[in-house]
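Engineer: give the three-dimensional model of this entry:
(2 chains)
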Amino acid sequence: MQSDQLIIFENVSKFYGEVLGVNRVTLAIAPGVTSLVGPNGAGKTTLMNLMTGLLRPTKGTIRVLDIPPSDPERFFRNIGYCSQFDAFPRGLSGYHMVHSMLMLHGLSSGEAEDRTWKVLERVGMTDAAHRRVAGYSKGMRQRIRLALALAHDPRVLVLDEPLNGLDPMARAEVIDLFRKFADSGMHVLISSHIMHEVDIVSDSVIMLSGGYVVAEGEIQGVRHEMEEHPIQILVRCDRPAVIASNVFQQDSVVEVKIHNDGRGLLVSTRNPDRFYDLLNRIVLDNHIAVESVSPADENVHAVYQYLVGSNGTGSL
Amino acid sequence: MAVYKRTYTRYSGPLTSERGRFAILPRYALESVLSSRFYTVAFMLALVPHLIALALIYFRSHIDALSGLGIDARALQILSIDGGFFLNLFIVETFISFFMVALLGPGLIAPDLANNAMPLYLSRPFSRVEYVIGKLSVLLAVTSLITWVPGLLLFGIQTALTGLSWSWDNLRVLVAILLGSWLWLLTISLIALALSAWVKWRPVAAAALFGIFFVSAGFGTVSNVLLLTRWGTLLNLSSAMRMVWRWLFLSETQYRIATPPFGTMPAWTGLVTLCAVCGLALLLLAWKIRPVQVVR
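Structural biologist: Numbering: from 1, shown residues only, chains lettered A, B, ... in the order given. Sure, this is the predicted structure:
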């Protein structure tokens, strides 16, 4: 992929005095939804601040769509940032906030007005547009933050904990919105500590711990590279004991647990492809009724736990 | 993958000039100032000295007409409309503009910092310098309307009443109104903004602004007495400003009378003091106005 479609970090380090923010980060982020995963203090916000040009790296270079942060006019026009803080100047209404921020992007008052209404409609805030932000609920503030990030039509959306404070319905809508952005070719970078949401929405993940990138890529790919941790496969069927007694003929199967309800089993294997072949044979030979077969630990939470362990994982 | 289709299109219409974008910040701040009854009253009161000056200028040119109306206006004959007249007017305005800045200044930056709003501004094509200029322009716009703008109007009215020869003879007054006002307004505005950036609680920031002016003035006077020196005068910012204004407004003869060689400081020391204070305030602002506040 060409560099004008990538967010590139080359050996980037950021230190706050003697305190490490992130260290030796090298990444090439493609369009789509990418999630930054890690506990508090892992370096997610630092990475986002570096990506959005709010912080300059102590070492290394960053280019977003081949534009360096030293070219702020082009750089910021391509980036929409939604910080995790309730960052609103006092006294303004939602409409005025979005309108003035669009004018800071260089849009005329008339054009900014049109776009303000469009984006407020997109995030479902038209009715409350002229109320003061100070009087908004947490979910409404979150929507306005999203509107601020989206209003100038950036190509890269960087969203720090964008789902916080949203009710389940709004979360579903916002996640759907992210998917639409990604499908239209945008970069959508989100940080979240809610793992199942990351799983639902992400094309790829970047896992951080203590300022270092510990893994990156599509979650299944990352999981399959972790050979020291056998992959867990959940099989729901009518006769799990038959499968359990047969799968041990494979060396790669290290553990089998039959569910208490007698309707399934959890298999740990170092070679999932060989296991699936064997499972097919067992099912056909023994006429077993299979309800479902699914990987049990190909999710961000499990992978992160394997990689980093539970020590110091904070809110994860 | 669908994500690589790139069906997305960005805004490609015309953009406003980068240079004027700072003016977006004072937009709402000025709106709220103008809609406030309190500020309107303060603003009207601030214009009272200029209205008195206007009356004096007018009656000084129409003494005969006043006599015709049976009003004894002989006292006005000793009043000279010159640099000294404008100097006195601006010394009064020093205090009024200071109070205006003390009312408005502390509330300009502190709320943005308290609400973590800096990333909001600075993740756009908008720099820290533009942010400070934007906030500064709120104070400069309001205080200009009660200092050099009416000052220039008075100068114009006096010229209209007495003729161009007066204007030519007092050209330095015109320069003094502009330079002197801007120097003073910049100094107090930058101090107010620096305090607003460092002191998040508005009343405390306003109190600190008063403290800087009045406590330092007292400290300067005490230093002069105890150390038998004149340099303590420089701690008093309004005295420093007066030194510069005297030099700007007064003719050479008037200046010599107003500043005897012993007991007063030369004008340049006042200018250096004010510039140093402006520089310090800018440093404090640069230190505090950052896109991300790093908590160690």
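Engineer: burial count for residue B:192?
Structural biologist: Residues within reach of residue B:192, counting by other Cβ atoms under 10 Å in any protein chain shown, total 30. Glycine gets a C-beta too; all of them are placed from N, C-alpha and C.
Engineer: I'd like the distance between it and residue B:109.
Structural biologist: 9 Å (Cβ to Cβ, to the nearest Å).
Engineer: wait, isn't residue A:258 in contact with residue A:245?
Structural biologist: No - Residue A:258 is not in contact with residue A:245 according to Cβ atoms under 8 Å; the separation is 10.3 Å.
Engineer: you'd agree residue A:146 is up against residue A:120?
Structural biologist: No - here residue A:146 lies out of contact with residue A:120, judged by Cβ under 8 Å, at a distance of 10.4 Å.
Engineer: looking at these two, which one has more neighbours?
Structural biologist: For residue A:146 and residue A:120, the more surrounded residue by other Cβ under 10 Å is residue A:146, and the numbers stand at 25 against 22.
Engineer: pass me the low-pLDDT residue ranges in the stretch 1-150 of chain B, would you?
Structural biologist: The model of the stretch 1-150 of chain B has pLDDT under 70 over residues B:1-10, B:73.
Engineer: and the strands in it?
Structural biologist: Per DSSP state E, counting those that start in this stretch, the stretch 1-150 of chain B has no strands. Nothing in it meets that criterion.
Engineer: mind listing the helices for it?
Structural biologist: Here the stretch 1-150 of chain B has its helices, by DSSP state H, counting those that start in this stretch, at B:24-35, B:37-46, B:48-61, B:63-68, B:83-104, B:106-114, B:118-122, B:128-144, B:148-162.
Engineer: adding mean neighbour count and distance to chain A, write those out as CSV.
Structural biologist: Shown next, in CSV, are the helices of the stretch 1-150 of chain B (neighbours: other Cβ atoms under 10 Å in any protein chain shown; distance: least, Cβ to the nearest Cβ, whole Å):
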stretch, mean neighbour count, distance to chain A
helix B:24-35, 17, 5
helix B:37-46, 13, 14
helix B:48-61, 16, 30
helix B:63-68, 12, 50
helix B:83-104, 20, 14
helix B:106-114, 21, 4
helix B:118-122, 24, 5
helix B:128-144, 20, 9
helix B:148-162, 17, 26
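Engineer: so which of these gets nearest residue A:263?
Structural biologist: helix B:118-122 (51.5 Å; Cβ to Cβ).
Engineer: show me how far that closest one is from its chain's centre.
Structural biologist: Relative to its parent chain, helix B:118-122 has a centroid offset of 27 Å by Cα atoms, centre = their mean, to the nearest Å.
Engineer: next one: stretch A:67-85
Structural biologist: With Cα atoms, centre = their mean, you get 19 Å for stretch A:67-85.
Engineer: which parts of it are buried?
Structural biologist: Residues A:67, A:69, A:72, A:75-85 are the ones in stretch A:67-85 that count as buried (16 or more other Cβ atoms under 10 Å in any protein chain shown).
Engineer: first vs last residue of stretch A:99-112, how far apart are they?
Structural biologist: By Cα to Cα, to the nearest Å, the extent of stretch A:99-112 from end to end equals 6 Å.
Engineer: ok, that stretch near chain B or not?
Structural biologist: Yes - remark: stretch A:99-112 sits within contact range of chain B at A:100, A:101, A:103, A:104, A:105, A:106, A:107, A:108, A:111, by Cβ under 8 Å from any Cβ of the partner chain.
Engineer: drop anything exposed from these.
Structural biologist: So, by 16+ other Cβ under 10 Å, the buried ones in the residues of stretch A:99-112 next to chain B are A:100, A:101, A:103, A:104, A:105, A:106, A:107, A:111.
Engineer: from those residues, which is closest to chain B?
Structural biologist: For these, the minimum distance to chain B (Cβ to the nearest Cβ) is 3.4 Å, reached by residue A:106.
Engineer: how about residue A:109: what's its closest non-neighbour residue?
Structural biologist: The shortest distance from residue A:109 to any non-neighbouring residue, by Cβ to Cβ, 6 or more residues apart in numbering or on different chains, is to residue A:103 (6.6 Å).
Engineer: surely that neighbour forms part of a strand?
Structural biologist: No - assigned with DSSP: H, G, I helix; E, B strand; the rest coil, residue A:103 falls outside any strand and is helix.
Engineer: and residue A:101, how far from residue B:133?
Structural biologist: In terms of Cβ to Cβ, residue A:101 sits 18 Å off from residue B:133.
Engineer: other SSEs contacting whichever helix or strand residue A:24 is part of?
Structural biologist: According to DSSP states H and E, residue A:24 maps onto strand A:19-29. Strand A:19-29 sits against strand A:7-16, helix A:44-51, strand A:204-209, strand A:212-217, with contacts defined as 3 or more Cβ pairs under 8 Å, 6 or more residues apart in numbering or on different chains; DSSP states H and E.
Engineer: which stretch among these is buried most, on average?
Structural biologist: helix A:44-51 (a mean of 25; mean count of other Cβ atoms under 10 Å in any protein chain shown).
Engineer: packing partners for that one?
Structural biologist: strand A:7-16, strand A:19-29, strand A:32-37, strand A:59-64, strand A:156-160, strand A:187-191, strand A:204-209.
Engineer: so where is the stretch 151-296 of chain B shaky, pLDDT-wise?
Structural biologist: Using pLDDT under 70, the stretch 151-296 of chain B drops low at B:259-263, B:293-296.
Engineer: so where does whichever residue of it sits closest to chain A fall, helix or strand?
Structural biologist: Nearest residue of the stretch 151-296 of chain B to chain A (Cβ to the nearest Cβ) works out as residue B:291 at 3.9 Å. Using DSSP H and E, residue B:291 sits in no helix or strand.
Engineer: next up, the contacts around it.
Structural biologist: Going by Cβ atoms under 8 Å, 6 or more residues apart in numbering or on different chains, residue B:291 touches A:49, A:54, A:55, B:118, B:119, B:122, B:123, B:128.
Engineer: quick check: closest non-adjacent residue to the fourth one.
Structural biologist: Excluding the flanking residues, the one nearest residue B:118 by Cβ to Cβ, 6+ apart is residue B:291, at 5.5 Å.
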